[in-house]
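Visitor: build me a structure from this.
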Amino acid sequence: MQSLNVNDIEIQVERKPIKNLHLSVYPPDGRVHVSAPLSYLDEKIILYINKKWAWITAKRKALTSFDIQSPREYVSGEAHYFMGQLYRLKVIRDGRFPQHVEIVGDYINITVRPQAEPQHIEGVLYAWYKDHLTPVIAPMVEKYSEKLGVAPEHWEVRKMAARWGSCSTAKKKILFNIELAKKPKNCIEYVVLHEMAHLLSRTHSKAFRKILDLNLPNWGQIKEELNEFPL
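Guide: Below you'll find the model as predicted:
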């Protein structure tokens, strides 16, 4: 890993056996990472970064301008992630309409009863998370079932205390943490592959890592991105 200073911002550069440059900006502090082909000189990478500078600046501003609150209070103005994007929460207390959640511009709007407590608002939001995460995971499970030649007997999305997912090799059952609804889709795919790889290898052995390498060559970078995203 190499660092380049461009316009007074430190850029992390990682050279890999790839054909094209890939640029990423990570929360919570707007860290900039570039994956570059092995043959690319610093000058060519810096030229690419400068061409993308307007996008980098806007992305860093978006990621660092939100005040992430913890613990959650589920009130209007609070910042929440969904599929890797940062939104403001807007709580609409109106008993005339059924409770529901929708994205409107930069806001996640939650309509609830006028007397709804924060715990209830949280429940409505997480039910929405689950409804949207499940159909994202389903085709990924199907994809890797075909590629790995093994499929779980059962999988589901639920709240988990400390893991992104878990796999019972004996029962062929996989659980995915509902918090994945807040992560980018490439992070979700990494967790799906990780847990399904355990159907073939119970431990994080050399054989296990080979499965990840063959099916998702940049899984190490994605894992890092996953763990950097705030909840």
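Visitor: ok, residue 191 - contacts?
Guide: With contact set as C-beta atoms under 8 Å, 6 or more residues apart in numbering, residue 191 has these partners: 164, 165, 176, 177, 180, 226. For glycine as for every other residue, the C-beta is placed from the backbone atoms N, C-alpha and C.
Visitor: scratch that, residue 129
Guide: Residues in contact with residue 129 (C-beta under 8 Å, 6+ apart) are 82, 178, 181, 182.
Visitor: dihedrals phi and psi, it?
Guide: The phi/psi pair for residue 129 (degrees, to the nearest 10) reads phi -60, psi -50.
Visitor: local confidence estimate at it?
Guide: Looking at residue 129, its pLDDT is 98.
Visitor: residue 220 versus that one, what's the distance?
Guide: 27 Å (C-beta to C-beta, to the nearest Å).
Visitor: and residue 152, by the same measure?
Guide: 24 Å.
Visitor: now for the contacts of residue 191: which two are most distant?
Guide: Farthest apart among these by C-beta to C-beta are 176 and 226. That separation is 12.7 Å.
Visitor: what are the boundaries of the helices in this structure?
Guide: Secondary structure of the chain by DSSP state H: the helices cover 42-51, 53-64, 118-148, 185-197, 206-215, 219-228.
Visitor: run through who's touching the first one.
Guide: Identification of contacts with helix 42-51 by C-beta under 8 Å, 6+ apart yields 4, 6, 7, 11, 13, 21, 23, 32, 34, 36, 56.
Visitor: got the contact list for the residue nearest to the spatial centre of the chain?
Guide: For the chain, residue 183 is the residue whose C-alpha lies nearest the centre (C-alpha atoms, centre = their mean; 2.1 Å). By C-beta under 8 Å, 6+ apart, the contact set of residue 183 is 81, 83, 84, 226, 229.
Visitor: and stretch 159-172, which residues are buried?
Guide: Using 16 or more other C-beta atoms under 10 Å as the test for burial, stretch 159-172 gives 164, 165, 167.
Visitor: export those to CSV and tack on pLDDT?
Guide: What follows is those, written out as CSV (pLDDT from 0 to 100):
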residue, pLDDT
164, 93
165, 94
167, 95
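Visitor: could you export these as CSV, including distance to residue 17?
Guide: Shown next, in CSV, are these (distance: C-beta to C-beta, whole Å):
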residue, distance to residue 17
164, 28
165, 29
167, 30
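Visitor: list just the nearest of those to residue 61.
Guide: When the buried residues of stretch 159-172 are compared against residue 61 (criterion: C-beta to C-beta), the nearest one is residue 164, at 28.3 Å.
Visitor: related to what we said a few turns ago, list residues touching both of residue 176 and residue 226?
Guide: In contact with both residue 176 and residue 226: 164, 191, using C-beta under 8 Å, 6+ apart.
Visitor: the nearest residue to residue 84 once chain neighbours are set aside: neighbouring residues, count only.
Guide: Once flanking residues are discounted, residue 84 sits nearest to residue 184: 3.2 Å by C-beta to C-beta, 6 or more residues apart in numbering. By the criterion of other C-beta atoms under 10 Å, residue 184 has 18 neighbours.
Visitor: now residue 184: phi and psi?
Guide: The phi/psi pair for residue 184 (degrees, to the nearest 10) is phi -60, psi 160.
Visitor: just checking, it touches residue 81?
Guide: No: here residue 184 lies out of contact with residue 81, judged by C-beta atoms under 8 Å, at a distance of 9.3 Å.
Visitor: using CSV, write out every CA atom in stretch 1-16.
Guide: C-alpha atoms of stretch 1-16 as CSV (Å, rounded to 0.1, in the frame of the first residue of the first chain):
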residue,chain,number,x,y,z
MET,A,1,0.0,0.0,0.0
GLN,A,2,1.3,3.4,-1.0
SER,A,3,0.2,6.9,0.0
LEU,A,4,0.1,9.9,-2.5
ASN,A,5,-0.6,13.4,-1.4
VAL,A,6,-2.9,15.1,-3.9
ASN,A,7,-4.3,18.6,-3.2
ASP,A,8,-3.3,18.2,0.5
ILE,A,9,-5.3,15.0,0.9
GLU,A,10,-3.7,11.6,1.5
ILE,A,11,-4.7,9.1,-1.1
GLN,A,12,-4.1,5.4,-0.5
VAL,A,13,-2.9,3.6,-3.6
GLU,A,14,-3.0,-0.2,-3.9
ARG,A,15,-1.5,-1.8,-7.1
LYS,A,16,-3.1,-5.0,-8.2
